[in-house]
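Student: Sequence and predicted model, in that order:
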Amino acid sequence: MLSINPIQLRGNWEKGYALDKHTVSSELIGYDEFGRERFDTERTEIGEALFRLKYRAARSAISDILDAAASFLTDTWRISGKLDCVVYVPPSNTGRSIQPVIEIAKGISERLKILLYEHSLIKIKETPELKNVYEYDERLKLLECAFGVRGSTLKGKRVLLFDDLYRSGATLEAITKVLYKEGSVKAVYVLCLTKTRSKS
């Protein structure tokens, strides 16, 4: 099983964790023929698995990631019995052949035997990819009114909100606010696979 080093995530949710940092180190080694920076990056075990899934479409990484996530939720955090359902952060890049957030959320739902509400949390406003927006307040402004809740299926539920990568927490905070206000959920718990080393 992939080794993990859980990190508590603080926000407007009840409790949240990332399973580990995404990278251990990243060193500039030069530039490519287009003048773009090239880095020698060392990732954590789960960071490497997520990288392979997200950027190399390596389905073989899914099982290892799910083993680590399910074990953490069940044996370490011991929250699986308190959850009613899983929802995931809608992917920002919809052009990927494999959507890591969706694949892993489905797997968590199956392994923990809790419902996955795929279409309850919706994105109602297009936003730019936030990895290029460095100011936290600017991210919050871009995310204002970006998400909504469809129907009343989440009312009174204890929800596991899942995302693959935690940067600043702005997206998760915006969604948590919507889940409480529009979805009338009972509680939001957050799980991310990895966390960037800085807030950017």
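Tutor: Sure, I can see it.

Student: for the residue nearest the centre of the chain, phi and psi?
Tutor: A centroid search over the chain (C-alpha atoms, centre = their mean) returns residue 163, at 1.3 Å, as the residue closest to the centre. Phi and psi for residue 163, reported as degrees, to the nearest 10, are phi -140, psi 160.

Student: list the contacts for residue 108?
Tutor: 66, 69, 70, 73, 86, 116, 160, 162, 191 (C-beta atoms under 8 Å, 6 or more residues apart in numbering). Where you see a C-beta, it was placed from the backbone N, CA and C, and this is true even at glycine.

Student: For those residues, give me a markdown table that also has pLDDT and neighbour count.
Tutor: Formatted as a markdown table, those follow (pLDDT from 0 to 100; neighbours: other C-beta atoms under 10 Å):
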| residue | pLDDT | neighbour count |
| --- | --- | --- |
| 66 | 98 | 17 |
| 69 | 98 | 24 |
| 70 | 97 | 16 |
| 73 | 98 | 23 |
| 86 | 98 | 24 |
| 116 | 98 | 20 |
| 160 | 98 | 27 |
| 162 | 98 | 23 |
| 191 | 98 | 28 |
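
Student: So which of the residues you listed are in strands?
Tutor: Applying DSSP state E to the contacts of residue 108, the entries found in strands are 86, 116, 160, 162, 191.

Student: in a strand, that's where residue 42 is, yeah?
Tutor: Yes: assessed with DSSP: H, G, I helix; E, B strand; the rest coil, residue 42 lies in a strand.

Student: gap between it and residue 51?
Tutor: Distance of residue 42 to residue 51, given as C-beta to C-beta, to the nearest Å: 11 Å.

Student: Report the separation between the residue of the chain positioned farthest from its centre and residue 174.
Tutor: Distance from the C-alpha centroid of the chain, by C-alpha atoms, centre = their mean, peaks at residue 33 (33.1 Å). Residue 33 sits 39 Å away from residue 174, going by C-beta to C-beta.

Student: who's in contact with residue 96?
Tutor: 54, 57.

Student: what does the one 5 residues further on give?
Tutor: With contact set as C-beta under 8 Å, 6+ apart, residue 101 has these partners: 88, 89, 90, 91, 162, 163, 164.

Student: Report the lowest-confidence entry in those residues.
Tutor: Within the set of the contacts of residue 101, pLDDT is lowest for residue 91 (87).

Student: For stretch 110-123, what is the distance to the chain centroid?
Tutor: On the basis of C-alpha atoms, centre = their mean, to the nearest Å, the separation between the geometric centre of stretch 110-123 and that of its chain is 14 Å.

Student: same thing with stretch 181-193?
Tutor: With C-alpha atoms, centre = their mean, you get 13 Å for stretch 181-193.

Student: what about the spatially closest residue to residue 197 that is not a sequence neighbour, distance to residue 15?
Tutor: Spatial nearest neighbour of residue 197, chain neighbours left out: residue 21 (5.7 Å); criterion: C-beta to C-beta, 6 or more residues apart in numbering. Distance, residue 21 to residue 15, by C-beta to C-beta: 19 Å.
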